[in-house]
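Peer 1: the following block contains a protein sequence and its predicted model.
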Amino acid sequence: MPALSLDHFDLYSAHHVPESYTWPSSYLHDHPSAGEGGGDSIPIIDISSPTAVSLIGAACRSFGVFYATGHGVPVDLLDDVEYQARRLFALPLHQKLDTARRPGFISGYGRPPLSAFFPKLMWSEGFTIAGGHRLDVAGDIWPLEQSVFCDVMKKYNKKMKEVAGKLLNLMLLSLGIDEEEAGRAGLIKDLQQAMEVLQLNSYPTCPEPEKAIGMAAHTDSGLLTILYQSRGVNGLQILHKEGGLGPTRWVTLPPLPGALVIHVGDLLQILSNDQFKSVRHRAVVSQAEHRLSAAYIIGPPEHVKMGPISKLMQSGQNPIYRSVTWPEYLEIRAQLFDKALELIKLPIK
Ligand SMILES: O=C(O)CCC(=O)C(=O)O
Ligand SMILES: [Fe+2]
C-alpha cells in the first residue's frame, strides 16, 4: 500500500476512477443489492422505551445492526461533528498530511485503516482519534483553530461513551446478563477504562461510482459501533440473509433523521457465544454527494480478556471461542482479517 504523499491522487477533483481505485465487478457485485423497499427492514428501536431490551436482542440476533432513536444525543452535537469533520477534510492535502497517521499509531489522518488488507484503494479518507483524550493529533494541523474541533470531538466522545454504556447494558440484559454479572465479566464497571476509537470518514463524490468502493466489506472488531452518517446521502450497506434462510443481499441503510446506526462487533459476537452476529458492512460512493460518517467503536479496557460469558454456558452450551483482549484480537486480525474469528474458535467438544 503506497504511503500517502503530496503526489497522491486527489479524490476531490477527480474526473475519472484510476486503475488503482477500480475494483473488480465480481467483488463489488458478490451479492445482489436488495431492491428499494424489498427484503427485511432494519429495526428502528427507541432505546429509552421499556420494550428496548427484547427488540435489541431480536435485532442483534437476526441483523447484527439496528437504528437507535431515543439516545439523547442532541441534533446540534451531531451537526457540529459533521461540520467540523467537513472543515477538516476540506483542508489542503499538505496540511492534512502534517497529521498523517504514523507507522504503528492508530490516530491521525490517512487512508481507511482497512486499506492494508486490500490490493485496491478505497474512495475515501479518514481521520482516526483513539481515546477521546488524545486529541492532540489535531493540534498539528490547526495550530490556531484546532480547539473548536477538539472541543466538539471530545464532547461527542463523551456522549458516545454514555450511549455505548447504555446500549451494552441493554444488549447484555437481552442475553439474560444483569449489570452485576456484566461487572464480574469486567464490562460495565470498567467502562471508564474502555478503549474507544472515533473514525471520521469522508467519501468525496465519485465520477464513476459503479467502479469504486468507499469502504470495503468488513466487520468492526470492537464490542459495538455507533455510526453517524450525513443526512440525505445513502452509502452504508449491510450483508443480510433474508429471514435468516433466504438469499443474501446488500441492504442499504439510509440515514434516518436523528437516528444512529448500531453495529454488533466481533467482540460482542464472542461474548454472546454467537447469539449475536457481528454485521458485515461496506460503504458505496455517490456521484452527486460528498458523504461523511463518524464511527465510534468501543471495546473493553486494554487488559480485559473477552470470552463467552460463563452464564450463557449454563444451558449446556459449550464456549465457541477462547478469550482474548482487544489488542490480542486486533493483532490476529492484522494477520488474518476476515478469518480472525475462526482462528480463536475452540475445538468442538
Ligand atoms: O461510512 C460508513 O457508513 C461505514 C463506516 C465504517 O464501516 C467504519 O468506519 O468502520
Ligand atoms: Fe465499519
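Peer 2: Yep, that arrived. Computed from a prediction, not measured in an experiment: that's the story for all the values here. Residues are numbered from 1 along each chain as shown. Ligands and ions are numbered 1, 2, ... in the order given.
Peer 1: elements contacting the helix or strand hosting Lys158?
Peer 2: Following DSSP states H and E, the helix or strand that holds Lys158 is helix 146-174. Taking 3 or more CB pairs under 8 Å, 6 or more residues apart in numbering; DSSP states H and E as contact, the helices and strands that helix 146-174 lies on are helix 52-62, helix 75-89, helix 179-184, strand 195-203, strand 224-229, strand 291-299. (Each C-beta comes from the backbone N, C-alpha and C, glycine too.)
Peer 1: the same query, at a cut-off of 6 Å, please.
Peer 2: When contacts are defined as 3 or more CB pairs under 6 Å, 6 or more residues apart in numbering; DSSP states H and E, helix 146-174 packs onto helix 52-62, helix 75-89.
Peer 1: quick one: low-confidence parts of the protein?
Peer 2: Along the chain, the parts satisfying pLDDT under 70 run over 1-7, 35-39, 132-146, 184-190.
Peer 1: what segments of it are helices?
Peer 2: Remark: helices of the chain, listed N- to C-terminal, are 25-28, 52-62, 75-89, 93-97, 146-174, 179-184, 266-271, 326-336, 340-343; assignment by DSSP state H.
Peer 1: may I see the buried residues of the second one?
Peer 2: Of the residues in helix 52-62, those buried under the neighbour-count criterion (16 or more other CB atoms under 10 Å) are 52-53, 55-57, 59-62.
Peer 1: ok, the longest one next?
Peer 2: Residues 146, 149-150, 152-153, 156-157, 159-161, 163-174 are the ones in helix 146-174 that count as buried (16+ other CB under 10 Å).
Peer 1: please apply the same query to the fourth one.
Peer 2: Of the residues in helix 93-97, those scored as buried under the neighbour-count criterion (16+ other CB under 10 Å) are 93, 96-97.
Peer 1: quick check: residues of the stretch 51-200 of the chain near ligand 1?
Peer 2: Taking CB under 6 Å from any ligand atom, the part of the stretch 51-200 of the chain that reaches ligand 1 is made up of Gln199.
Peer 1: list the contacts for the closest residue to ligand 1 within the stretch 51-200 of the chain?
Peer 2: Closest contact between the stretch 51-200 of the chain and ligand 1, by CB to the nearest ligand atom, is at Gln199 (4.4 Å). Each residue near Gln199 by CB atoms under 6 Å, 6 or more residues apart in numbering is listed here: 126, 128, 295.
Peer 1: what is it paired to in the beta sheet?
Peer 2: Here Gln199 shows beta-bridge partners Thr128, Ala295, assigned using DSSP bridges.
Peer 1: closest one to Glu180 among the helices and strands packed on helix 146-174?
Peer 2: Counting by CB to CB, Glu180 lies closest to helix 52-62 out of those; the figure is 16.2 Å.
Peer 1: list the contacts of the closest one.
Peer 2: By CB under 6 Å, 6+ apart, the residues outside helix 52-62 that reach it are 43, 45, 66, 170-171, 173-174, 264, 276.
Peer 1: what about Tyr27, neighbour count?
Peer 2: By other CB atoms under 10 Å, 12 other residues sit near Tyr27.
Peer 1: which residues does it contact?
Peer 2: Taking CB under 6 Å, 6+ apart as the contact definition, Tyr27 lies against nothing.
Peer 1: before we move on, what about the one 5 residues further on?
Peer 2: For Pro32, the contacting residues are Arg249, taking CB under 6 Å, 6+ apart as the criterion.
Peer 1: against ligand 1, how distant is it?
Peer 2: From Pro32 across to ligand 1, the span is 20 Å (CB to the nearest ligand atom, to the nearest Å).
Peer 1: got phi/psi on that residue?
Peer 2: Per-residue torsions, Pro32: phi -70, psi 160 (degrees, to the nearest 10).
Peer 1: where's it relative to Ser62, distance?
Peer 2: Applying CB to CB, to the nearest Å, the value for Pro32 to Ser62 is 19 Å.
Peer 1: how much space between the residue of the stretch 101-250 of the chain found nearest ligand 1 and Tyr329?
Peer 2: Sorted by distance to ligand 1 under CB to the nearest ligand atom, the residues of the stretch 101-250 of the chain start with Leu236, at 3.5 Å. In this structure, Leu236 lies at 24 Å from Tyr329, with CB to CB as the measure.
Peer 1: repeat that for Pro112.
Peer 2: From Pro112 across to Tyr329, the span is 19 Å (CB to CB).
Peer 1: likewise Thr99?
Peer 2: In this view, Thr99 and Tyr329 are 27 Å apart by CB to CB.
Peer 1: just Asp98 next, same as before
Peer 2: Distance of Asp98 to Tyr329, computed by CB to CB: 32 Å.
Peer 1: cool, Leu260 as well?
Peer 2: According to CB to CB, Leu260 and Tyr329 sit 24 Å apart.
Peer 1: how about Leu77?
Peer 2: Using CB to CB, one obtains 30 Å as the distance from Leu77 to Tyr329.
Peer 1: ok, now which ones touch Met306?
Peer 2: Taking CB under 6 Å, 6+ apart, we find Met306 in contact with 267, 270-271, 300.
Peer 1: ranking by neighbours, what's the top pick from those residues?
Peer 2: Scoring these on neighbours with other CB under 10 Å, the highest-scoring entry is Leu271 at 29 neighbours.
Peer 1: which residues touch that one?
Peer 2: Residues counted as contacts of Leu271 (CB under 6 Å, 6+ apart) are 306, 309.
Peer 1: likewise Gly316?
Peer 2: Applying CB under 6 Å, 6+ apart, one finds that Gly316 lies in contact with no residue.
Peer 1: about what we covered before: and the residue of the stretch 101-250 of the chain closest to ligand 1, how many residues sit next to it?
Peer 2: By the other CB under 10 Å criterion, the neighbourhood of Leu236 contains 24 residues.
Peer 1: I appreciate the help and will end here.
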